[in-house]
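A.B. asks: I need the structure of the sequence given here:
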Amino acid sequence: RKTRGPQCQEVAKAQPNIGAVLSSQGKVEEAIEMFEGALGIMRGVLGNEHTNVASLLGNLAACKQKGGDLAGAVECLREVQGIHARTGACPEVASSAACVLATLEAIL
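C.D. replies: All right, here's what the predicted structure looks like:
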């Protein structure tokens, strides 16, 4: 971040990996910060409809669910589903997101 700046695409590519490690260590809030930071950068670089953005949203949803923010997870998954529906990309990911989304909505 210091060398390339906080909005660098390389930073955005590293943050999800750091987020995954933090999440596996139970540091959910820190993981969410990493995923949200990467998401902000990737939206700016790739746009809101890119499958990489959808992937980050899926990771963010998993962290939010793990942290007990089911409404936040649902919001992310709805966006994942929308991106895949509009782009036609990765139908298997869209199907998986729809299953998790249905489960969470039933809980809420």
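
A.B. asks: so what's the residue nearest to the spatial centre of the chain up against?
C.D. replies: Centroid-nearest residue in the chain, with C-alpha atoms, centre = their mean: residue 57, separated by 2.1 Å. By C-beta atoms under 8 Å, 6 or more residues apart in numbering, the contact set of residue 57 is 39, 76-77, 79-80, 83. The C-beta positions use only the backbone N, C-alpha and C, and glycine is treated the same way.

A.B. asks: State the pair within these that is farthest apart.
C.D. replies: The largest separation in the contacts of residue 57, counting by C-beta to C-beta, is between 39 and 77 at 13.8 Å.

A.B. asks: And the two? Which one has more around it.
C.D. replies: Set side by side, residue 39 and residue 77 show more neighbours around residue 77, with 28 against 22, by other C-beta atoms under 10 Å.

A.B. asks: Without its sequence neighbours, what residue ends up closest to that one?
C.D. replies: Excluding its sequence neighbours, the residue lying closest to residue 77 (C-beta to C-beta, 6 or more residues apart in numbering) is residue 101, at 4.2 Å.

A.B. asks: returning to that earlier point: so how far is residue 35 from the residue nearest to the centre of the chain?
C.D. replies: 8 Å (C-beta to C-beta, to the nearest Å).
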